[in-house]
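>>> one predicted model, sequence on top.
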Amino acid sequence: MWLVVLHIAHTSDVQLKGYGTRLMNHLKQHARDVDGLTHFLTYADNNAVDYFVKQGFTKEIYLDKDIWHGYIKDYDGGILMECKIDPKLPYTNLSTMIRQQIYAMHDQPDSWPFKEPVDSRDVPDYYYIIKDPIDLKAMSKRVESEQYYITFEMFVADMKRMFSNARTYNSPENLLQMCNQVGNAFLQ
């Protein structure tokens, strides 16, 4: 089943507070748990596309057209967008879930390279090579703000970036050495 989602416009000072995201997350949770819906569809104008992308919508439509065709009015200048509702994601408790993930990673002994920002005194060229650094401490601050990780995809993007930065900066030999050190520490 699917639902057509309308965009509610409001002033920019209100947009920064995340009310639209919280409303969307409650809508996803309710639509999935109560109504059994699996997808949202919406037509977004150019001003709304970025909002819907942040909410997990994509311009790729995977829902079979036979299911929805004829039920949605086609809008000139609008872009049809789809959001697949995750069957297990706790949309209304996203911050708690992400916080638990970060704490679990932080408590792992092998997470030591990711716990704090790289100290430029120890690694002087790091910030010349890595232009968009991220670490578990910065991610913890983001989740505590309750403003930054408004979608699970944003959290996943930071995680991927953190590991990508490690692969970019470290040579394969260094990564192997790091893994050996972590393995030795784990075995002790």
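Great, that's in hand. The structure presented is a predicted model; accordingly, all values stated were derived computationally and were not measured. Residues are numbered from 1 along each chain as shown.

>>> give me the residues contacting the longest helix along the chain.
Using DSSP state H, we find that the single longest helix of the chain is helix 152-169. With CB atoms under 8 Å, 6 or more residues apart in numbering as the test, helix 152-169 has contacts from 54, 56, 86, 89, 94, 97-98, 101, 113-114, 126, 129-130, 132-136, 139, 142-143, 148-149, 175. C-beta: built from backbone N, CA, C; applies to glycine.

>>> now the buried members of those residues.
Neighbour-count burial (16 or more other CB atoms under 10 Å) applied to those gives 56, 89, 94, 97-98, 101, 113-114, 130, 134-136, 139, 142-143, 148-149.

>>> what helix or strand does the residue lying closest to Glu60 once chain neighbours are set aside sit in?
Leaving aside its sequence neighbours, Glu60 sits nearest to Glu82 (CB to CB, 6 or more residues apart in numbering; 7.0 Å). Applying DSSP states H and E as the criterion places Glu82 in strand 79-84.

>>> specify the local secondary structure of Lys73.
Under DSSP: H, G, I helix; E, B strand; the rest coil, the three-state class of Lys73 is coil.

>>> OK, contacts around it?
Neighbours of Lys73 in contact, by CB under 8 Å, 6+ apart: Tyr43.
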